[in-house]
Structures are given as structure tokens and as C-alpha cells.
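Undergrad: coordinates only, sequence not included:
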């Protein structure tokens with residue numbers, strides 16, 4: 001394993017990559033995970049000094065990682081303001097759900113040929129969500145929900161699909177901050193996650209696909225409505 005900033009990333013033949021990830025890519029993954037778990041919030045300015053001290057990497061490496069995340073629309077750089085976490089818009093929500101449908105619904109439909117342990121990983125994310133709910137840790141529940149969707153991508157057996165989904169989910173975390181009541185937003189999806197996992201275990205792929213399609217429609221509508229209400233309130 002290659003480890004940087006608390007992130008473990010397999011290298012060599014087992015990773016499915018043609019080359020090991022660079023240090024800048026590992027740093028980018030660390031920051032991406034901090035966005036996913038809610039540690040880095042929309043609009044937060046990033047201090048080069050604090051991050052390179054924390055992770056023990058050179059400034060040039062950190063700046064390369066910033067460029068990777070700017071390309072992924074997770075960070076933005078503004079003249080005289082430095083680098084900060086991006087603030088998504090309602091158009092970003094709509095576009096992101098377009099690509100999520102392509103990736104996740106395809107992954108569910110192909111679940112009958114999922115690699116060993118892939119469906120179990122979906123169940124593990126459900127159990128993480130249940131544990132977070134019992135602890136009334138709604139931010140952790142949101143993180144577990146995103147890991148559920150990352151595990152859905154894992155049904156494809158494709159490292160590249162999982163990495164793409166991870167990038168999309170980091171954008172999703174930035175969108176979740178618009179929801180004023182995280183418990184009311186995240187908790188109902190735990191029930192749906194559990195149901196989808198049950199259907200996958202039973203081999204009912206078509207029904208699981210329909211459940212997930214309805215799920216994504218509802219989630220998109222909730223976020224779009226929240227963004228519109230926020231934009232109206234600030235006009």
C-alpha cells in the first residue's frame with residue numbers, strides 16, 4: 001500500500017492501474033476524501049502552509065494536487081484570493097445527476113456479473129449508515145450514504161468507474177450543505193439503501209434498478225428545490 005495523509009491506495013498490478021499513483025494524486029485523494037466526509041465545506045479557503053505541513057509534501061506537489069481538483073470542479077482558484085472549495089449551483093446538480101444515472105443504473109443492471117465481495121461492500125455501507133443513525137451522527141450518515149453509491153459503482157468491477165464515482169460524490173457532498181435539516185434529508189435514504197441491497201442479494205436486478213432510478217429522481221428534485229429556494233432568498 002502507498003499511504004499519504006491517511007489515505008491508502010493500492011499500487012502495482014493489484015490496483016488495475018497502468019502505473020502507481022503519483023504523490024500529487026494521493027494528496028488530491030486525501031483532500032477529495034475530506035470533502036466527501038464534510039471536513040472541507042463549500043467556499044472554505046485552503047491554506048497551502050497548513051496542508052503541506054499536515055501532509056508532509058512539497059508546495060509544488062500540493063499545487064499539482066490543487067490543479068487536479070480544480071479540473072474536477074472541486075476547487076476554484078481566484079486571483080488575489082487563492083484556492084477555495086467550490087460552491088456548486090443548481091445547474092451543477094442537474095448535470096451531476098445525469099452522469100450518476102448513467103454510471104449507477106448501468107452498474108446495478110450488471111450486478112449479476114459483479115466481482116466477489118462487491119454486493120457485500122454495498123451491505124457494509126448500509127450497516128455503516130445504520131450505525132451512524134443509531135448514534136444520531138447525521139454527517140456520518142451522509143458519508144455512509146455516499147459510500148453506498150461508491151459501492152454501487154464497484155459492482156462494475158472497474159477501478160476507473162469507482163474513481164469517477166468518487167469524484168462525483170465529492171461534488172455531491174458540496175451540494176448537501178444546502179440542506180438545512182441533514183437528518184430529514186439523509187435518514188429516509190437509509191431505508192432505500194437497505195432495500196436495494198436486499199434486492200441485489202435476491203438477484204432481483206431489474207427491481208433494484210427501478211428503485212435506484214426513482215431514488216435518484218427524488219434526490220435530484222429535493223436538491224434542485226433547495227438550491228432554487230436558497231437562490232431566491234439571496235436575490
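TA: Good, I have the coordinates. Predicted, not measured: the structure shown is a model, and the values here were computed from it.
Undergrad: Show me where the protein has its strands.
TA: For the chain, applying DSSP state E gives strands covering 2-4, 7-9, 75-78, 82-85.
Undergrad: Need the residue closest to the centroid of this protein.
TA: With distances taken as CA atoms, centre = their mean, residue 169 lies nearest the centre of the chain, 2.1 Å away.
Undergrad: Could you tell me the least trusted of the strands of the chain?
TA: Among the strands of the chain, strand 2-4 has the lowest mean pLDDT, at a mean of 35.
Undergrad: returning to that earlier point: could you check what's spatially nearest to the residue nearest to the centre of the chain, not counting adjacent residues?
TA: Excluding the flanking residues, the one nearest residue 169 by CB to CB, 6 or more residues apart in numbering is residue 146, at 4.4 Å. In short, each C-beta sits where N, CA and C put it, glycine included.
Undergrad: That neighbour: how many residues sit nearby?
TA: Residue 146 is flanked by 23 other residues according to other CB atoms under 10 Å.
Undergrad: what does the one 5 residues further on give?
TA: One way to gauge burial is a neighbour count; for residue 151, by other CB under 10 Å, it gives 23.
Undergrad: pretty sure it contacts residue 125?
TA: Yes - the pair residue 151 / residue 125 is scored as a contact, 4.9 Å apart, by CB atoms under 8 Å.
Undergrad: tell me the contacts of the closest residue to residue 219 other than its chain neighbours?
TA: Once flanking residues are discounted, residue 219 sits nearest to residue 189: 7.2 Å by CB to CB, 6+ apart. The neighbourhood of residue 189, defined by CB atoms under 8 Å, 6 or more residues apart in numbering, consists of 145, 215, 219.
Undergrad: same deal with residue 113?
TA: Residue 113 makes contacts with residue 157, as judged by CB under 8 Å, 6+ apart.
Undergrad: ok, it to residue 183 distance?
TA: Counting by CB to CB, to the nearest Å, the gap from residue 113 to residue 183 is 37 Å.
Undergrad: one step back: who are the contact partners of the residue nearest to the centre of the chain?
TA: 36, 146, 149-150.
Undergrad: In these, find the pair that's most separated.
TA: Maximum pairwise distance among these (CB to CB): 10.7 Å, between 36 and 149.
Undergrad: per the record, what domains does the protein have?
TA: Domain assignment for the chain by automatic domain parsing gives 2-85, 90-234.
Undergrad: number of nearby residues for the closest residue in space to residue 42 that isn't next to it in sequence?
TA: The shortest distance from residue 42 to any non-neighbouring residue, by CB to CB, 6+ apart, is to residue 87 (4.4 Å). By other CB under 10 Å, the residues close to residue 87 number 15.
Undergrad: can you pull the pLDDT of residue 87?
TA: For residue 87, pLDDT reads 89.
Undergrad: quick one, what contacts it?
TA: Here residue 87 is in contact with 42-43, 174 (CB under 8 Å, 6+ apart).
Undergrad: Compute the distance between residue 91 and residue 149, please.
TA: Per CB to CB, residue 91 is found 21 Å from residue 149.
Undergrad: okay, the two: which has more neighbours?
TA: Just comparing residue 91 and residue 149: by other CB under 10 Å the higher neighbour count belongs to residue 149, 25 against 10.
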